[in-house]
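[1] next come a sequence and a model predicted from it.
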Amino acid sequence: MSGEIDSYKARNYSNNNDDAIVRLLEEKIESLTKELEKLRQDLNWYKGELEKLLAPPYIEATVLDILPDGRVVVRSSSGPNLVVNVASAIDIKKIKPGTSVALTQRGSAIVEILPNREDIIVKSFEVVERPNIHYSDIGGLETQIQELKEVVEIPLKNPELFREIGIEPPKGVLLYGPPGTGKTMLAKAVATESNATFIQVVASEFAQKFVGEGARIVREVFELARRKAPSIVFIDEIDAIGAKRIDLGTSGEREVQRTLMQLLAEIDGFKPLDNVKIIAATNRIDILDPALLRPGRFDRLIEVPLPDVKGREEIFKIYLSKMKIDSSINYNELAKLTEGLSGADIKNICTEAGYNAIRDGRKYITYKDITVAIDKVKKSRFKNKIPERHEKYT
Ligand SMILES: Nc1ncnc2c1ncn2[C@@H]1O[C@H](COP(=O)(O)OP(=O)(O)OP(=O)(O)O)[C@@H](O)[C@H]1O
């Protein structure tokens, strides 16, 4: 710095420009102060990171009770129930039975309130108090609807009927068939018509996302189902946890196995006339572990196949009747043109026909819009080899 000033003096001494030197110094001080502030911030950040890395791990616990003297009874994740103090930085009013907390490693005090466990768990499944899908929204599948009424809806609504006659309905129902044929819709509709809470678990998702948590989530789902009864637990893609496994070599496979065991234990814990029903769905019944299909578990199998010509006609009617169309529609002809397609494909066709009209600047759909959409959906559907899991059904 003194060098900078010396050279500045050398250049400007003749003008004896002291004011300029003062300005230069002031600017320099200002920039160094800013730099110092930034370095202080960096230092604090690094100190914080170092503290985090060196801090001992905490023990997670759930609060069971708050004692009159301000101490708290917790169930620690490592096992025993403990009576602990609360660190002074924690607002004790925020601690209630069920709150998740972090304890010091020696388990002597609560040092942090953790995000609610239920919040985390709830994300792994979806709860709909009363779904809004009715049997009338489903095209075809009359026999499947009839069967679900008998084995799920009536037992939930009138269990005494079964008691009087002395028969037991199945506890679990397995819907199987190709993708997009309405299995989820059926499960939701039966929940709506039974005034039941609908709890949906996608088995493949929780097997992947919540590694090490599968069995616990299964337990929580069924606890919730009992609390919200009457309820229907819908387990989609059950093959993700319920496939037969010969080799349990990896920890991932053992984890999936534990999740399945917990599910079987939960099902076994129910009575047929309890007000919780379990519906599972799969596209791969061929790979399911026979333990799942044993009597008292998923012992009612309902096939949900691709729609036949009459079913396709009905599905077209359901979706097209909500759309503005310029001429009368020959539904039977549309059904004949869509052999091999699913309900989901037909819904796509109707949406695509709507797009065709919008692209053309029209506010109504023509018959041609629909046939063009059929060609498009069929092409994308059958362009590649049909996926293996589909072949079995086509
Ligand atoms: N029979 C049907 N009647 C009316 N709509 C249907 C029918 N089948 C399928 N759909 C439509 O296709 C969509 C997908 O159906 P859904 O999710 O019930 O199929 P899924 O059999 O559960 O499929 P996946 O095996 O892929 O989970 C539904 O939201 C619905 O719009």
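    All right, it came through fine.

[2] flag every residue of the stretch 201-350 of the chain that's near the ligand.
    Residues of the stretch 201-350 of the chain found near the ligand (Cβ under 6 Å from any ligand atom) are 236, 281, 283, 307, 315, 318, 343, 344, 347. The C-beta positions use only the backbone N, C-alpha and C, and glycine is treated the same way.

[3] how deep is the closest residue to the ligand within the stretch 1-150 of the chain tucked in, by neighbour count?
    Using Cβ to the nearest ligand atom, the closest approach of the stretch 1-150 of the chain to the ligand is made by residue 139 at 3.8 Å. Applying other Cβ atoms under 10 Å, we find 22 other residues in the vicinity of residue 139.

[4] before we move on, what about the one 5 residues further on?
    By the criterion of other Cβ under 10 Å, residue 144 has 21 neighbours.

[5] ok so residue 101 is a strand residue?
    Yes: looking at residue 101 with DSSP: H, G, I helix; E, B strand; the rest coil, it is inside a strand.

[6] what is the residue nearest to it when sequence neighbours are not counted paired to in the beta sheet?
    For residue 101, ignoring the flanking residues on the chain, the nearest one in space by Cβ to Cβ, 6 or more residues apart in numbering is residue 110 at 4.6 Å. For residue 110, the beta-bridge partners under DSSP bridges are residue 86, residue 103.

[7] low-confidence stretches in the stretch 1-150 of the chain?
    1-16, 52, 77-79, 116-124 (pLDDT under 70).

[8] contact residues of it facing the ligand?
    Within the stretch 1-150 of the chain, the positions near the ligand by Cβ under 6 Å from any ligand atom are 138, 139, 140, 141.

[9] rerun at 5 Å
    Neighbours of the ligand within the stretch 1-150 of the chain, by Cβ under 5 Å from any ligand atom: 138, 139.

[10] need the helices for the stretch 1-150 of the chain, in chain order.
    2-12, 18-54, 117-122, 142-148 (DSSP state H, counting those that start in this stretch).

[11] buried ones in the longest one?
    Within helix 18-54, the residues scored as buried using 16 or more other Cβ atoms under 10 Å are residue 24.

[12] OK, contacts around the residue of the chain found nearest the ligand?
    For the chain, the residue closest to the ligand is residue 343, as judged by Cβ to the nearest ligand atom, at 2.1 Å. By Cβ atoms under 8 Å, 6 or more residues apart in numbering, residue 343 lies in contact with 139, 140, 180, 181, 182, 185, 307, 311, 315.

[13] report pLDDT for the fifth one.
    Translated: residue 182. For residue 182, the pLDDT comes out at 96.

[14] surely it is in contact with residue 141?
    Yes: the pair residue 182 and residue 141 qualifies as a contact (Cβ atoms under 8 Å) at a distance of 6.0 Å.

[15] what do these two both touch?
    Jointly contacting residue 182 and residue 141 under the rule Cβ under 8 Å, 6+ apart are residue 304.

[16] I'd assumed residue 234 was in contact with residue 199.
    Yes: between residue 199 and residue 234 a contact is recorded at 6.8 Å, counting by Cβ under 8 Å.

[17] and those two? Which one has more around it.
    Comparing residue 199 with residue 234 by other Cβ under 10 Å, the one with more neighbours is residue 234, at 28 against 22.

[18] partner strands of the helix or strand the more buried one falls within and their direction?
    For residue 234, the element it lies in under DSSP states H and E is strand 231-236. Strands that pair with strand 231-236, judged by DSSP bridges, come out as strand 197-202 (parallel), strand 276-282 (parallel).

[19] ok, and what's touching the shortest one?
    Strand 197-202 is contacted by residues 124-131, 184, 187-188, 191-192, 217, 221, 224-225, 228-237 when judged by Cβ under 8 Å, 6+ apart.

[20] same check on the longest one?
    Under the contact criterion Cβ under 8 Å, 6+ apart, strand 276-282 has outside partners 152, 155-156, 171-176, 183-184, 187, 190, 196, 222, 225-226, 229-239, 242, 267, 270, 288, 292, 298.

[21] run through the neighbouring helices and strands of the helix or strand following that strand.
    Next in sequence after strand 276-282, counting helices and strands by DSSP H and E, comes strand 298-303. The helices and strands touching strand 298-303, judged by 3 or more Cβ pairs under 8 Å, 6 or more residues apart in numbering; DSSP states H and E, are helix 142-148, strand 172-176.

[22] looking at these, which is buried most?
    Most buried of these, by mean neighbour count (mean count of other Cβ atoms under 10 Å): strand 172-176, with a mean of 25.
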